[in-house]
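1. The sequence and its predicted three-dimensional model are supplied below.
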Amino acid sequence: MKDQPSLATRRRAPVCCASLLVLTIINLVINPPAFAVQAAQPIPSSTPPSNARDSIQTERQYFSALRAADSTTFQKEFEAEFLLILNQTLRQSYDSLKTIAERKAFIEYYWKASDPAPLLPINLRLTEHLRRRELARQNFPAGEPPYFDDRGKYYLKYGMPINRFEDPGGLRRVGFFSSTNYRAIQSQYSYKGGPEEHYTVNANESWAYPNLARDFVVHFVKAGPTFREIESLTEVLASHQKKNLAWQWSDLVKQRAAVSPFLGQTAQQIEQFESAVISAAANPQRPGLLRAEVQSVNERLMEVARRYENAATLARHDLPPTTNEPVKAVNRLAFQETIAQFRGPQGHTRVEITFLAPLQKNFVDQLDPLSVDTIAVEFAWMLRDENLDSLAAKRWQNTFPAKWAAAENLPNAVGRLSFLSPPQQVELALQVQSRRLDKLGYSQKTLAIRDFSGSQLLLSDLQLYAEVKNENQSLVLPTLEKQNLLLAPYPYLKVRKSMPLFCYFEIYNLRAAGVAESYEITYKVFSHLGRQSLFKKLSRLLTGGKETAVSFFQTQPVVDDASQELIALDLGNLASGAHRLEITVADANEAKIKASVAREIVIEE
């Protein structure tokens with residue numbers, strides 16, 4: 001087949017339409033078509049051509065070439081293809097930019113923002129785009145920018161179709177007509193001649209993307225050395241005589257019955273109508289189609305065609321401008337993170353990140369004290385500025401036997417990382433990776449880094465810890481020392497009543513805010529049940545129910561402008577469920593000077 005891309009071996013898709021006429025089946029056996037509906041397979045990678053424009057395969061190469069491109073090269077090699085993947089809003093923003101430099105910056109920012117896992121060594125989205133671009137230029141080439149035809153445009157946007165119909169074109173008989181029924185069909189027409197038995201089509205293809213929309217199908221026809229997109233299947237016909245159009249269009253639809261569900265339904269409607277036409281021709285006296293209906297068969301078939309074209313138009317509504325299929329790094333490792341901020345040196349802020357990633361299913365199939373598996377985990381963060389350029393990044397790895405975690409009843413891999421940054425808004429990328437199972441989890445968020453300067457009384461965020469009591473725990477958990485205690489980030493998603501909860505926070509600007517002698521710290525842990533009426537509270541006490549709130553305070557002298565506070569909380573008498581831990585610091589003599597911080601927790605047995 002000429003001018004067709006080199007593809008891997010394809011399997012034939014099942015035909016969806018039913019009720020095929022025996023006569024039609026016999027005719028297809030005698031005159032088999034030279035085309036097939038196939039489940040499209042990925043286009044295999046091949047050796048890149050020598051042309052320099054196709055040698056860009058990495059993020060570094062792409063950005064380097066983008067920045068160095070002159071106006072002509074930029075428009076041909078970058079802009080032409082980039083515009084294909086923008087939605088209307090982004091396109092309007094892009095078109096409003098006046099200079100090449102601004103447009104280059106827009107393109108670079110777009111690809112950085114689209115990267116789902118910036119801590120990986122490759123930009124997944126851009127790498128996939130470059131792979132598609134290279135294969136589109138190789139397999140669907142065109143002489144003008146973006147250097148691939150309309151098939152390549154859809155390949156760049158959406159990848160290979162789920163179903164792909166390829167027709168080399170040429171002369172053929174209308175599938176419904178045969179030597180036994182053609183004269184009978186001719187006799188049903190009042191005008192001389194009726195439809196022609198044979199017709200010619202140009203080479204064409206139909207691509208279906210049911211992953212985007214159930215009946216989304218794109219048709220292409222060969223025009224010279226390339227293929228162009230068409231709105232109607234009738235555009236593949238070499239002749240457009242009205243008397244032939246309906247039958248030939250019907251034939252084209254039936255050939256594509258397996259491409260999409262609605263094409264299959266349309267083909268079935270056509271076959272039912274054709275069956276009635278044959279019945280009326282063979283038995284003029286039998287009830288069925290009226291002769292007037294038979295004589296207007298073209299109009300009846302074109303009515304079916306119009307319904308199909310309308311449905312095809314609706315299927316295009318709300319399509320995404322592009323979809324991606326990352327070749328690796330599926331985000332399937334579950335984890336949760338907690339971020340706490342503290343005052344750092346020289347006007348900076350210290351940001352602490354705690355990671356909790358369930359061991360079972362993420363790292364081992366079953367967490368068991370007899371397990372022989374090894375946990376190998378890596379935690380990482382990256383900071384990016386407003387242009388999404390990397391400011392800093394850090395990784396921390398830990399390896400330990402799974403049985404140690406099981407023996408200590410530690411269900412999560414725990415990570416603790418920190419960094420210093422001036423107050424600003426940044427993009428924070430987080431990643432957890434199982435180095436043994438090649439699983440990955442990642443997330444991104446905008447983080448406003450707090451400013452702890454000034455003279456106002458301020459509190460840091462709350463950080464929760466557990467005491468490390470033995471060597472196994474110290475090897476499984478990241479540890480730190482505070483007030484002569486060896487601690488680790490609290491290793492459970494929920495607070496357990498059976499073990500003390502250490503709460504750490506810092507107080508800033510005590511003297512600067514006017515706290516002269518002493519200050520009070522009030523600790524409250526309460527749930528919504530704590531707002532019950534007095535009657536309900538008494539009822540709970542009389543029936544032995546757990547408390548819904550606890551509160552206490554302590555007074556401390558002012559020693560410095562800042563203070564570090566660590567307290568062990570026993571929450572064993574509280575009811576299970578969601579609670580709020582709230583801490584307030586106030587001047588012991590002037591209640592107006594105060595600051596509060598809170599954190600939501602869930603308590604379990």
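-> Sure, I can see it. Residues are numbered from 1 along each chain as shown.
2. Would you mind measuring from Glu427 to Asp150?
-> Going from Glu427 to Asp150 by CB to CB, to the nearest Å gives 36 Å. Where C-beta positions appear, they are placed from N, C-alpha and C, glycine not excepted.
3. Send me the helix or strand harbouring Thr555 as PDB with only the CA atoms.
-> Following DSSP states H and E, one finds Thr555 within strand 549-557. The C-alpha coordinates for strand 549-557 follow below in PDB (Å, rounded to 0.1, in the frame of the first residue of the first chain):
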ATOM      1  CA  ALA A 549     -13.000  17.900  74.700                       C
ATOM      2  CA  VAL A 550     -10.000  18.500  76.900                       C
ATOM      3  CA  SER A 551      -8.400  21.800  77.900                       C
ATOM      4  CA  PHE A 552      -5.600  22.900  80.100                       C
ATOM      5  CA  PHE A 553      -3.100  25.800  80.400                       C
ATOM      6  CA  GLN A 554       0.300  26.600  81.800                       C
ATOM      7  CA  THR A 555       2.100  29.800  82.600                       C
ATOM      8  CA  GLN A 556       5.800  30.400  81.700                       C
ATOM      9  CA  PRO A 557       8.200  33.300  82.300                       C
END
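4. where's Tyr442 relative to Ala376, distance?
-> 17 Å.
5. Ok, Gly159 next?
-> For Gly159, the distance to Ala376 - CB to CB - is 33 Å.
6. Look at those two and report which has more neighbours.
-> Shown here are Gly159 and Ala376; by other CB atoms under 10 Å, Gly159 has more neighbours (21 against 16).
7. The more buried one contacts Thr323, correct?
-> Yes: using CB atoms under 8 Å, Gly159 is in contact with Thr323, at 7.0 Å.
8. neighbours around Lys112, how many?
-> A count of neighbours around Lys112, defined by other CB under 10 Å, yields 20.
9. Quick check: it is in a helix.
-> Yes: using DSSP: H, G, I helix; E, B strand; the rest coil, the assignment for Lys112 is a helix.
10. quick check: mean pLDDT across the next helix-or-strand element following the strand holding Thr555?
-> Sequence-wise, the next helix or strand downstream of strand 549-557 (DSSP H and E) is strand 563-569. For strand 563-569, the mean per-residue pLDDT is 93.
11. how far off strand 549-557 does strand 563-569 point, in degrees?
-> Here the directions of strand 563-569 and strand 549-557 differ by 150 degrees (axes from the mean of the first three to the mean of the last three CA atoms, to 10 degrees).
12. Just list what the helix or strand just after strand 563-569 packs against, helices and strands only.
-> Sequence-wise, the next helix or strand downstream of strand 563-569 (DSSP H and E) is strand 577-587. If contacts are counted by 3 or more CB pairs under 8 Å, 6 or more residues apart in numbering; DSSP states H and E, strand 577-587 sits against strand 501-508, strand 518-526, strand 594-604.
13. What count of nearby residues applies to the residue nearest to Thr323 when sequence neighbours are not counted?
-> Counting by CB to CB, 6 or more residues apart in numbering, the nearest residue to Thr323 once its immediate chain neighbours are dropped is Tyr158, at 5.3 Å. Applying other CB under 10 Å, we find 24 residues neighbouring Tyr158.
14. ok, now how distant is Tyr158 from Pro141?
-> Distance from Tyr158 to Pro141, by CB to CB: 19 Å.
15. cool, Phe262 as well?
-> In terms of CB to CB, Phe262 sits 32 Å off from Pro141.
16. quick one, strands of the stretch 101-250 of the chain?
-> 163-167, 170-173, 198-201, 204-208, 217-223, 226-230 (DSSP state E, counting those that start in this stretch).
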